[in-house]
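**Q** Following is a predicted model, sequence given first.
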Amino acid sequence: MSASNPTISKKPNWFIQFFTSTIGRKLLVALTGLFLILFLAVHLIGNLQMILFDDGGKAFNEYAYFMGHNELIQIISVGNFFFIILHIIVSVVLTIYNRTARPTKYAYSKPSANSSFSSRNMIWLGSIVMIFLVLHLVNFWAKSKFGTVEQVTYDGKTMHNLYALVVFEFENPVIVGIYVVSMIGLSYHLLHGFQSVFQTLGINHVKYTPFIKTLGLIYSILVPLGFALIPILMYIKSLS
Ligand code: HEM
């Protein structure tokens, strides 16, 4: 080797090293999962306005207009899409790694006795949510951002009538069925995911863990139930 061409020893950056380790990947899944848990709660509260107020969608449309035009929310929205993609990719990598690292099943191991249905099927339940999300974004988000959505004017302010779009979609029983089945998948995914986030973050304490488990159970049932009720009630309303 000549003196003019010295060998440079490249040390991988500690940040990259950490987040490509198993514990780093678990932390990434937990942190992105926590963000998505918060997003879901906010999204549900916003959407519930469609069935709580009998105002022809005014409150919901104004809320959607605010969410679509506030600069801070726009930055959070980009982060939201980034976290969704990161959550999916890192979860898949972790699952593949876990399965290849433990290829043999012990004769005496009884997974059903030692773990819940949700924890054993996180990747499949997550896949249901992912397929739902793609259909959902094509149906609503893409139409709102790139399609032609009907306009409505309230107090001199013109905006997209997203409520009319949602009403139109939920007149279709097939779409309503897809939403309800997907929300069952989401519920099971959250049942394990919620408490798993806190376990990974090291929040494991005799005092707080029972509370986190109860909160996780309530959240995992009520949030998907709220999302499922919206298409069901709107479909019933469309029949009358
Ligand atoms: C009844 C159930 C739901 C309704 C009526 C609904 C409605 C909508 C609408 C109208 C939009 C477009 C908003 C806009 O572009 O201004 C939207 C965006 C979105 N929805 Fe939903 N949604 C429902 C459930 C869900 C669920 C269960 C998830 C996740 C599992 C979800 C994830 C998203 C995401 C990620 C966006 C894009 C948000 C952004 O622009 O940052 N939605 N939804």
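**A** Happy to help now that I have it.
**Q** The ligand contacts on the protein?
**A** For the chain, the residues in contact with the ligand (C-beta under 6 Å from any ligand atom) are 40, 43, 47, 64, 67-68, 77, 80, 129, 133, 136, 140-141, 144-145, 162, 166, 179, 186, 227, 230-231. In short, each C-beta sits where N, CA and C put it, glycine included.
**Q** In helices, which of the residues you listed appear?
**A** Among the residues of the chain next to the ligand, the residues falling in helices (DSSP state H) are 40, 43, 47, 64, 67-68, 77, 80, 129, 133, 136, 144-145, 162, 166, 179, 186, 227, 230-231.
**Q** Pretty sure S118 is one of the things L191 touches, is it not?
**A** Yes - using C-beta atoms under 8 Å, L191 is in contact with S118, at 4.4 Å.
**Q** For these two, indicate the residue with more neighbours.
**A** More crowded of L191 and S118, by other C-beta atoms under 10 Å: L191, with 22 against 19.
**Q** Pull out the buried members of the ones in helices among the residues of the chain next to the ligand.
**A** Among those, those buried by neighbour count (16 or more other C-beta atoms under 10 Å) are 40, 43, 47, 64, 80, 129, 136, 162, 166, 179, 186, 227, 230-231.
**Q** could you dump the residues you listed to CSV with pLDDT and distance to I89?
**A** Formatted as CSV, these follow (pLDDT from 0 to 100; distance: C-beta to C-beta, whole Å):
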residue, pLDDT, distance to I89
L40, 98, 20
H43, 97, 22
N47, 98, 27
A64, 96, 29
N80, 97, 15
V129, 96, 15
H136, 97, 19
L162, 97, 30
V166, 97, 30
Y179, 98, 25
L186, 98, 19
F227, 98, 24
I230, 98, 29
P231, 98, 29
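**Q** Present those as TSV; the columns should include distance to D54.
**A** Output for those, formatted as TSV (distance: C-beta to C-beta, whole Å):
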residue	distance to D54
L40	25
H43	21
N47	15
A64	18
N80	30
V129	31
H136	25
L162	17
V166	15
Y179	22
L186	27
F227	20
I230	14
P231	17
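**Q** pLDDT below threshold where in this structure?
**A** Low-confidence segments of the chain (pLDDT under 70): 1-12, 102-114.
**Q** for it, what spans make up the helices?
**A** Using DSSP H, the helices of the chain run over 14-19, 22-52, 58-69, 71-101, 111-114, 117-120, 122-136, 142-146, 162-169, 173-200, 209-239.
**Q** Let me have the ones you listed in CSV, extended by distance to G156.
**A** Converted to CSV, the helices of the chain look like this (distance: least, C-beta to C-beta, whole Å):
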stretch, distance to G156
helix 14-19, 49
helix 22-52, 21
helix 58-69, 13
helix 71-101, 22
helix 111-114, 61
helix 117-120, 49
helix 122-136, 32
helix 142-146, 21
helix 162-169, 19
helix 173-200, 34
helix 209-239, 28
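**Q** So which of the ones you listed is nearest V152?
**A** Nearest to V152 among these is helix 58-69 (6.1 Å), distances taken as C-beta to C-beta.
**Q** so what secondary structure elements neighbour that closest one?
**A** Judged by 3 or more C-beta pairs under 8 Å, 6 or more residues apart in numbering; DSSP states H and E, the packing partners of helix 58-69 are helix 22-52, helix 71-101, strand 151-154, strand 157-160, helix 162-169.
**Q** residues of stretch 223-236 that come out buried?
**A** Within stretch 223-236, the residues scored as buried using 16+ other C-beta under 10 Å are V223, P224, G226, F227, A228, I230, P231, I232, M234, Y235.
**Q** list the contacts for the nearest residue to K157 once chain neighbours are set aside?
**A** Using C-beta to C-beta, 6 or more residues apart in numbering and skipping the chain neighbours, the partner closest in space to K157 is Y65 (7.5 Å). For Y65, the contacting residues are K157, M159, H160, by C-beta atoms under 8 Å, 6 or more residues apart in numbering.
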